[in-house]
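Asker: I would like to see how this sequence folds:
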Amino acid sequence: MILTPHILVGATLASKIKFLPLALGLAFLSHYFFDFLPHLEYPIKNIQRKNWNKSFLDFLKVFLDISVGLFLVFILSKNLPLAMAGGFFAILPDGFILLGLILPNRLLKIHYSFHQKIHFPESKKVPLFWGIFSQVLAMFVAIYFLR
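Answerer: This is a model prediction of the structure:
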């Protein structure tokens, strides 16, 4: 799943659940739940292959994706600090994936394997409509409850 829906769902969970440890924990866990659902993603093959000198456009896509999510949280949230924290925790698992590419270690490899097992398989073909619909639905539901 792209990062904007993750950010919005995490922000919504954190905004609605006032107990901070629970809110941030559920925002973090929501990442795995939503990655389990059928969806499409934009390619970031140069980052995945560690072709750092060719990865500018991949990083630009990720930056724009995060920016859209944070902008929506910024304009929609009534409790901005908590919502931003929830959004951050919701994309943290993908941050661990990137960190594992840059600084590989045993714990990050374990996380990567776990993430890949839960993540909807890239090898399964998802029709364009359903691959986008699942993410748009997640965003609209999150936006509805975030306001």
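
Asker: hey, which helix is longest across the protein?
Answerer: The longest helix of the chain (DSSP state H) is helix 80-102.

Asker: quick one: buried residues of it?
Answerer: 82-94, 96-97, 100 (16 or more other CB atoms under 10 Å). For the C-beta atoms, the positions are set from N, CA and C on the backbone; glycine is no exception.

Asker: Mind telling me the two of those farthest from one another?
Answerer: Using CB to CB, those span at most 28.0 Å, a distance reached by L82 and G100.

Asker: Point me to the helix or strand that includes L64.
Answerer: helix 56-76 (DSSP states H and E).

Asker: What angle do helix 80-102 and that helix make with each other?
Answerer: 170 degrees (axes from the mean of the first three to the mean of the last three CA atoms, to 10 degrees).

Asker: Which positions in helix 56-76 come out as buried?
Answerer: Along helix 56-76, these residues count as buried under the neighbour rule (16+ other CB under 10 Å): 58, 61-62, 65-66, 68-70, 72-73, 76.

Asker: what's the answer for stretch 30-39, then?
Answerer: Quick answer for stretch 30-39 (16+ other CB under 10 Å): 30-31, 34-35, 37, 39.

Asker: how close does E122 sit to Y42?
Answerer: 12 Å (CB to CB, to the nearest Å).

Asker: What of R106?
Answerer: 30 Å.

Asker: So which of the two has more stuff around it?
Answerer: Y42 (10 against 7; other CB atoms under 10 Å).

Asker: That one reaches I2, doesn't it?
Answerer: Yes. With contacts counted by CB atoms under 8 Å, Y42 reaches I2, the gap being 6.6 Å.

Asker: quick one: common contacting residues for the two?
Answerer: D65 (CB atoms under 8 Å, 6 or more residues apart in numbering).

Asker: next structured bit after the longest helix of the chain?
Answerer: helix 106-118.

Asker: Give me the angle between that following helix and helix 80-102.
Answerer: 100 degrees.

Asker: what's the nearest residue to M84 once chain neighbours are set aside in contact with, if anything?
Answerer: Counting by CB to CB, 6 or more residues apart in numbering, M84 lies nearest to V73, which is 6.2 Å off, once chain neighbours are set aside. With contact set as CB under 8 Å, 6+ apart, V73 has these partners: 7-8, 11, 80, 83-84, 87, 146.
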